[in-house]
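Participant: okay, sequence plus prediction incoming.
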Amino acid sequence: MAQERTFIAVKPDGVQRGLIGEIIKRFEVKGFKLVAMKMMQASEEHLTEHYIDLKGKGFFPELIKYMSSGPVVAMVWEGLGAVKTGRVMLGATNPADSNPGTIRGDFCIEVGRNIIHGSDSVESAKKEIALWFTDSELVSYKSCAADWL
Ligand code: DAT
Ligand code: MG
């Protein structure tokens, strides 16, 4: 495993349901380092670009409507194997299949309201981070916990 960055976003339902803190806490206590974060109302154009690989799916219009229905909290987390481990922490796409102990397994029920996004590969993480953040928004610093993780 290598040091990686992954793009994580609390979706509009996660924001409205008061789960921002819980989600940040899980990545923080796991040992990942927060390198960028902002709350924003994403446009349909921006979300279409974010989910461009799913454009042909039947649920796509509904997905864009849902994701643009309120503010999201966009974040970049860094650490050893952050992409793969981040996905494990999220749980399966459909909360009905997400194990208890995962974020989706613990806090949601429906695939169309699954509260959180996480990059599925290092390559898509790079694309997503570039889509959601400028270089200057990515903060470079050494965590004092780095040698203890
Ligand atoms: P993930 O978010 O786990 O990476 P994905 O990239 O396949 O999953 O799909 C993106 C989002 O689209 C997913 O979080 C919820 C929604 N979605 C996926 N499959 C769906 C389906 N069969 N019906 C409704 N929404 C779906
Ligand atoms: Mg995905």
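Facilitator: Sure thing, it's come through. Ligands and ions are numbered 1, 2, ... in the order given.
Participant: please count neighbours and contacts with C-alpha atoms only from this point.
Facilitator: Will do.
Participant: tell me the secondary structure at whichever residue of the chain sits closest to ligand 1.
Facilitator: Taking CA to the nearest ligand atom, ligand 1 has its nearest neighbour within the chain at Thr93, 3.7 Å off. Assigned by DSSP: H, G, I helix; E, B strand; the rest coil, the conformation of Thr93 is coil.
Participant: mind listing what it touches?
Facilitator: 104, 111, 114 (CA atoms under 8 Å, 6 or more residues apart in numbering).
Participant: tell me which element Glu4 falls in.
Facilitator: Of the helices and strands defined by DSSP states H and E, Glu4 is found in strand 3-10.
Participant: just the buried residues of the helix or strand just after that strand, please?
Facilitator: Toward the C-terminus, strand 3-10 is succeeded by helix 12-16 as the next helix or strand (DSSP H and E). Within helix 12-16, the residues that qualify as buried are 12-15, counting by 16 or more other CA atoms under 10 Å.
Participant: same check on stretch 62-69?
Facilitator: With the criterion 16+ other CA under 10 Å, stretch 62-69 contains buried residues 63-64, 66-69.
Participant: can you narrow these down to the ones near ligand 1?
Facilitator: Judged by CA under 6 Å from any ligand atom, the overlap between those and the neighbourhood of ligand 1 comprises Leu63.
Participant: farthest pair within the buried residues of stretch 62-69?
Facilitator: Taking every pair in the buried residues of stretch 62-69 and measuring CA to CA, the maximum separation is 9.9 Å, between Leu63 and Ser69.
Participant: now render the buried residues of helix 12-16 as CSV, adding pLDDT and distance to Glu4.
Facilitator: Listed next are those as CSV, based on pLDDT from 0 to 100; distance: CA to CA, whole Å:
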residue, pLDDT, distance to Glu4
Pro12, 99, 26
Asp13, 98, 27
Gly14, 99, 25
Val15, 99, 25
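Participant: now do the helices in the chain.
Facilitator: Counting by DSSP state H, one finds helices in the chain at the ranges 12-16, 20-30, 44-50, 60-67, 82-90, 103-107, 122-132.
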